[in-house]
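[1] Just to be clear, the model below is a prediction. Sequence and coordinates:
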Amino acid sequence: MTPAEKAQARAVSLRRIGALFIGHRRQLAVVVAVIVISSVISMASPFLLREVIDVALPDGDLTLLSWLVAGMVAVAAATSGLGVVQTWISTSVGQRVMHRLRTDVFTHLQRQSVGFFTRTRTGEVQSRITNDIGGMQQVVTSTAGSIASNVTTVVATLVAMAALSWQLTLVSLVALPPAIYWTRRVARMRQAITAQRQRELAELNVIIDEGLSISGIQLSKTMGATALVTERFAASSGKLIDLELRSELAGRWRMASMNIVFAAIPAVIYLAAGLPFSTMSIGTLVAFTGLQAGLFRPLMSLLDVGVTLTSSLALFQRIFEYLDLPVEVEEPATPVRLEHVRGHLRFEDVTFVYDGSATAALAGVNVDVPPGSSLALVGETGSGKSTIASLIARLHDPTSGRVTIDGVDISTMSLTQLAEIVGVVSQETYLLHTTIRENLRYAKPDATDEEIVAAATAARIHDLIAALPDGYDTMVGSRGHRFSGGEKQRMAIARTLLRDPRILVLDEATSALDTETERAVQQAFDALSAGRTTVTIAHRLSTVRDADQIAVIDHGRILESGTHESLVDMGGRYAALAR
């Protein structure tokens, strides 16, 4: 990237950052007004001090001195009070912007397809939302107010200094150009280091997520890799030490040199005041040097804000990178709503190719599942059965062709209604770290206790739950590891049944169950499938032989379909699997 392109990218980023505050213009206008008033009031102090030194004290005028001192106290009280108001409003605005940014990122990521989360490490996603947005907090909450405050203070101070002595004001500004130059150099250095630091923080989050999750702990212990995981964590943490040091020390010597120059300028002013041709009074000199000190503080603060803002662009770029991710499974602008859903499911010449894959996972699939009937998908692992299930739930969109329910393309339906119509129980069960009751209610937040018990009973899990000391209020533990695979799967089945979906997709839903439990759950499914469209994926043919139609999938294509008896008589692939 050329310097011009970098400058353009920076300008775009700053405009986009500024756009975050558009909805808070009134509050920011109040903050600016408070800052201006505070700065103007504070400028009275040096002139009051000059009158104290040049008039009140030499003349012994106690009345004037009292009024001048009272004025100084009033100025301090007014500026302090206005400072509290400014901090309250600017922090409130900043926190609301942070809240919106966090929510926007989380909401946008919720809209991403399953493929995005397959490609992206969980720790990386968490780091963007917590570390990156957290690192932006100072910039978002205080930068705008700090810039306005310091700019106003600098302008007001320069005006006051010029009123006292324009010649000495010019001398005071000699160090400004080199200060700006070195500040920009330091800002660019810190921006690069900040980007590296956030990447390493993301790596640390990944290690924590993988190493301290229940699955990760079990893996490291059973593989004897505990020392290796600890060493990996220590190495990443050690890199962060170096990056933090580099970030803090970047340009410190340059900035320290500027502080020395700024500190030396008052000495030059004192020297100039002592020259024979100088006519400056002691009060004016004290007032001027006081103003000068007050000028350098906001100047350095303003330069520091510039450094912080520039270095934080790396954080904003990482967040905007997620906000700019295209949504692969898009919510339709004007969704079609199905009334009186019958559950007629069809695949019409559907082809699907995963990102980065050279071959199609599905190719020209045509399936017609009448309302209330059952379809079983069988085939070897990787043949495309689970891909068909994911397309029914619209976790992906077909590359070509379409999937319809009651003749309506599901891509034109709202995702909320589709989730109400299609219930999925997959072979990978995920339970939240909360009670059994809340895990089941996740599918239907307004479900009554009676409905929860009915769903659990249908899934043959109620008796086990009722026997627990806390019953439905039992905590399931991290990812449900407190329960066996079969128990977790029956809870997942109950959770799906609680929604009473018109179309039921069972993707290896009984794979973790023992033979006796599988038989019991299958009986529950048979009863609940009455009048409901059911798509079942299974390796064991015993669970699908009674399906209305069976489709044999191989390399993304349907080789043959029919009933169990007709496929056995056909003597093809299904007959070989049955044997």
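    In hand now; what should we look at? Numbers count the residues shown, from 1 in each chain.
[2] which intervals of the stretch 451-579 of the chain have sub-threshold pLDDT?
    Residue ranges of the stretch 451-579 of the chain with pLDDT under 70: 478-480, 509-513, 517, 520-521, 523-528, 530.
[3] where do the strands sit along it?
    Assigned by DSSP state E, counting those that start in this stretch, the stretch 451-579 of the chain shows strands spanning 503-507, 533-537, 549-554, 557-562.
[4] want to throw those into a markdown table with distance to residue 325 and mean neighbour count?
    For the C-beta atoms, the positions are set from N, CA and C on the backbone; glycine is no exception. Listed next are the strands of the stretch 451-579 of the chain as a markdown table, based on distance: least, C-beta to C-beta, whole Å; neighbours: other C-beta atoms under 10 Å:
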| stretch | distance to residue 325 | mean neighbour count |
| --- | --- | --- |
| strand 503-507 | 27 | 25 |
| strand 533-537 | 30 | 25 |
| strand 549-554 | 31 | 22 |
| strand 557-562 | 32 | 17 |
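[5] Of those, which is nearest residue 139?
    Nearest to residue 139, of all the strands of the stretch 451-579 of the chain, is strand 503-507, at 45.6 Å by C-beta to C-beta.
[6] will you turn the strands of the stretch 451-579 of the chain into JSON lines that also has distance to residue 415?
    As requested, the strands of the stretch 451-579 of the chain are exported to JSON lines (distance: least, C-beta to C-beta, whole Å):
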{"stretch": "strand 503-507", "distance to residue 415": "15"}
{"stretch": "strand 533-537", "distance to residue 415": "19"}
{"stretch": "strand 549-554", "distance to residue 415": "26"}
{"stretch": "strand 557-562", "distance to residue 415": "27"}
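[7] which residues does the residue lying closest to residue 380 once chain neighbours are set aside contact?
    Taking C-beta to C-beta, 6 or more residues apart in numbering, and ignoring the residues beside it in sequence, residue 380 has residue 554 as its nearest neighbour in space, at 7.0 Å. Taking C-beta atoms under 8 Å, 6 or more residues apart in numbering as the criterion, residue 554 is in contact with 379, 380, 383, 573.
[8] Swap in 7 Å and give it another go.
    379, 383, 573 (C-beta atoms under 7 Å, 6 or more residues apart in numbering).
[9] which stretch among the strands of the stretch 451-579 of the chain comes nearest residue 240?
    strand 503-507 (41.1 Å).
[10] now that closest one and strand 533-537, what's the angle there?
    10 degrees (axes from the mean of the first three to the mean of the last three C-alpha atoms, to 10 degrees).
[11] picking that back up, beta partners of the residue nearest to residue 380?
    Beta-bridge partners recorded for residue 554 (DSSP bridges): residue 557.
[12] center of the protein - which residue?
    The chain has residue 129 as the residue nearest its centroid, 3.1 Å off, counting by C-alpha atoms, centre = their mean.
[13] ok, it touching residue 101?
    No: taking contacts as C-beta atoms under 7 Å, residue 129 lies outside contact range of residue 101: 9.4 Å.
[14] For residue 328, which non-adjacent residue is closest in space?
    Sequence neighbours aside, residue 113 is the residue nearest to residue 328 in space, at 4.1 Å (criterion: C-beta to C-beta, 6+ apart).
[15] ok, for residue 101, nearest residue in space, not its chain neighbours?
    residue 133 (5.9 Å).
[16] Now do the one you found: how many residues are near it, please.
    21 (other C-beta atoms under 10 Å).
[17] Return the member of the contacts of residue 554 nearest to residue 547.
    residue 379 (14.0 Å).
[18] List the contacts of the residue lying closest to the closest one once chain neighbours are set aside.
    Leaving aside its chain neighbours, residue 379 sits nearest to residue 553 (3.8 Å; criterion: C-beta to C-beta, 6+ apart). The neighbourhood of residue 553, defined by C-beta under 7 Å, 6+ apart, consists of 377, 379, 383, 384, 385.
[19] now the residues you listed in TSV, with distance to residue 241?
    Formatted as TSV, those follow (distance: C-beta to C-beta, whole Å):
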residue	distance to residue 241
377	53
379	53
383	50
384	49
385	49
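[20] Now intersect the residues you listed with the helices, please.
    residue 385 (DSSP state H).
[21] how near is the residue nearest to residue 564 when sequence neighbours are not counted to residue 574?
    Counting by C-beta to C-beta, 6+ apart, residue 545 is the residue found nearest to residue 564 once chain neighbours are left out, at 4.3 Å. According to C-beta to C-beta, to the nearest Å, residue 545 stands 10 Å off from residue 574.
[22] same question, residue 543
    Taking C-beta to C-beta, one finds residue 543 at 14 Å from residue 574.
[23] cool, residue 566 as well?
    For residue 566, the distance to residue 574 - C-beta to C-beta - is 9 Å.
[24] Residue 110 now?
    40 Å.
[25] Who has more neighbours out of these two?
    Set residue 110 next to residue 574 and count neighbours by other C-beta under 10 Å: residue 574 wins out with 23 against 7.
[26] what's the nearest residue to the more buried one if we skip its chain neighbours?
    In space, residue 574 is closest to residue 567, 3.9 Å off (C-beta to C-beta, 6+ apart).
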